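*Asks:* Provided below for reference: sequence and predicted model.
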Amino acid sequence: MVKGPRFLKGHGTENDFVIIPDPDGALELTPAQVARICDRRAGIGADGVLRVVRTAAAPEVAALSAEAEWFMDYRNADGSVAEMCGNGVRVFGRYLVDSGLATPGTFHIATRAGLRGVTVPAQGDVTVGMGRAALPGPDGIEVAVGSRRWPAVNVNMGNPHAVAFVEDLAHAGDLFTAPAVTPASAYPTGVNVEFVVDRGPRHVALRVHERGSGETRSCGTGACAVMVAAARREGADPAVTGTAVTYTVDVPGGRLVITEHPDGSLDMTGPAVILAEGELDAVWAEG
């Protein structure tokens, strides 16, 4: 085997990633290479790739280098570039601490959606400051699967989400293909779609179709979008009441805890696990 780039494998509530350290930004990952790496039969298998780059070495975010040493270059499983990934940020932070690139505690990570603060203990769950949610409208968004249709809430977490409350998560279907969302003009770059059911007071569960990846076992930004949509549906708005609100959000791969603060900021807490490492074959990686 001709040794190629080093990689690690990790997951956050079973949203799994291939991590590729590239501190100097020397690698140029093509969409085809990313898709090959993420292929679950012919590749390593993952919902996406996290490339670890020094912020100063990444021109698109170099202006953030004074506040964040590391940039999370996130790619979806189909090779497309994404703005943010909440579970990915937790796994990225866990990798930085476990590898000695950051010390346990609180620090910032640069993403295409801006800075994200993470609190990473030496062991245990990781908390990410997910920023603020925006509910830009318009009204009248609908999600459809087969003959069923539901109204949806447009929530932006640095990436777009359509949140639909349903009676049964099975109504989402197999989620192999993207659910139909109208009007298409509301999401010109595609959308993540969450189907949500109630489990109890301030406790919901979801299934999600992530654009570019299909159904995943978890979606951190999606869990935050769902929490905000559920809170507003129930009349809870910390910006109005001055009191933080916390929801438990069950995902197929585990459980996340989301808190919205009076200033609108959201914290997400959940597990982040690094489980393997190795080296790609250089010839295979080049296709």
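*Replies:* On my side now, so go ahead.
*Asks:* hey, let's count contacts and neighbours off CA atoms from now on
*Replies:* Fine.
*Asks:* Listing request: residues of the stretch 1-150 of the chain with sub-threshold pLDDT.
*Replies:* Within the stretch 1-150 of the chain, the ranges that satisfy pLDDT under 70 run 1.
*Asks:* where along it do the helices fall?
*Replies:* 31-38, 86-98 (DSSP state H, counting those that start in this stretch).
*Asks:* Could you report the distance from Met227 to Glu194?
*Replies:* To Glu194, Met227 is 11 Å away according to CA to CA, to the nearest Å.
*Asks:* Touching, Pro238 and Ala244? I think so.
*Replies:* Yes. If you go by CA atoms under 8 Å, Pro238 and Ala244 touch, sitting 5.4 Å apart.
*Asks:* any shared contact partners between these two?
*Replies:* 260-262 (CA atoms under 8 Å, 6 or more residues apart in numbering).
*Asks:* Separate out the buried members of those residues.
*Replies:* Buried by 16 or more other CA atoms under 10 Å: 260-261, out of those.
*Asks:* Which of the shared contacts of Pro238 and Ala244 sits closest to Met268?
*Replies:* Proximity of the shared contacts of Pro238 and Ala244 to Met268 (CA to CA) peaks at Glu260, which lies at 9.1 Å.
*Asks:* Chain neighbours aside, what residue packs nearest to that closest one?
*Replies:* Sequence neighbours aside, Leu266 is the residue nearest to Glu260 in space, at 4.5 Å (criterion: CA to CA, 6 or more residues apart in numbering).
*Asks:* and if you look at Gly137?
*Replies:* Closest to Gly137 by CA to CA, 6+ apart is Asn154, at 5.7 Å.
*Asks:* who does the one you found bridge with?
*Replies:* Beta-bridge partners for Asn154, by DSSP bridges, are Ala162.
*Asks:* Spatially central residue in this structure, please.
*Replies:* In the chain, the centroid-proximal residue (CA atoms, centre = their mean) is Cys85; its distance is 2.5 Å.
*Asks:* shouldn't that residue be in contact with Ala223?
*Replies:* No. With contact defined as CA under 8 Å, Cys85 does not reach Ala223; the gap is 11.0 Å.
*Asks:* quick revisit: in contact with the residue nearest to Gly137, which residues?
*Replies:* So Asn154 contacts 135-138, 141, 160-163 (CA under 8 Å, 6+ apart).
*Asks:* cool, and Val191?
*Replies:* So Val191 contacts 159-162, 210-211 (CA under 8 Å, 6+ apart).
*Asks:* What is the burial count for Phe165?
*Replies:* Other residues within reach of Phe165, judged by other CA atoms under 10 Å, total 21.
*Asks:* what pairs with Ile76 across the strands?
*Replies:* Check again: residue 76 is Asn, not Ile. Assigned bridge partners for Asn76, using DSSP bridges, are Gly48.
*Asks:* That one: neighbour count?
*Replies:* Asn76: 25 neighbours (other CA under 10 Å).
*Asks:* can you pull the contacts of it?
*Replies:* With contact taken as CA under 8 Å, 6+ apart, Asn76 is in contact with 34, 47-49, 82, 212-213.
*Asks:* can you tell me how far it sits from Gly212?
*Replies:* For Asn76, the distance to Gly212 - CA to CA - is 6 Å.
*Asks:* how is this protein carved up into domains?
*Replies:* 3-125+272-286, 142-270 (automatic domain parsing).
*Asks:* Near the closest residue to Arg6 other than its chain neighbours, how many other residues are there?
*Replies:* Once flanking residues are discounted, Arg6 sits nearest to Glu279: 4.3 Å by CA to CA, 6+ apart. Around Glu279 there are 14 other residues, counting by other CA under 10 Å.
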